[in-house]
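Novice: build me a structure from this.
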Amino acid sequence: MAVLVDAQGEKMDNIEENVANAGSFIHGGTNSLHYANQMKKKRKGWVYWVWGVILIILIVCIISMLAS
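Specialist: Numbering: from 1, shown residues only. Here you go, the predicted structure:
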């Protein structure tokens, strides 16, 4: 009986250690998601600026072709 209790105690310690490790992984993943959302917002702003510049260049080209 004592051997079984000792074996169960070791398994409980192992489970507690795994739960603690999982908590650190979850915390790291949450931080990574926050950073990814910030980068997504920044990238979205740059895309609008690039499309705006391309549109202005196209308008200038079309106007110059029509004026000729």
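Novice: quick one: low-confidence ranges for this protein?
Specialist: Scanning the chain for pLDDT under 70 picks out the ranges 4-5.
Novice: again, only this time at 90
Specialist: 1-48, 67-68 (pLDDT under 90).
Novice: distance of Ile59 relative to Gly52?
Specialist: Distance of Ile59 to Gly52, given as CB to CB, to the nearest Å: 11 Å. In short, each C-beta sits where N, CA and C put it, glycine included.
Novice: how about Leu33?
Specialist: From Leu33 to Gly52 the distance is 29 Å (CB to CB).
Novice: what is the burial count for Asn31?
Specialist: Residues contacting Asn31 under the criterion other CB atoms under 10 Å number 10.
Novice: assign a three-state SS to Ala20, would you?
Specialist: Under DSSP: H, G, I helix; E, B strand; the rest coil, the three-state class of Ala20 is helix.
Novice: check contacts around it.
Specialist: Ala20 makes contact with no residue under the criterion CB atoms under 8 Å, 6 or more residues apart in numbering.
Novice: what helix or strand is the residue nearest the centre of the chain located in?
Specialist: Centroid-nearest residue in the chain: Ala36, 3.0 Å away (criterion: CA atoms, centre = their mean). Secondary structure assignment for Ala36, by DSSP states H and E: helix 2-67.
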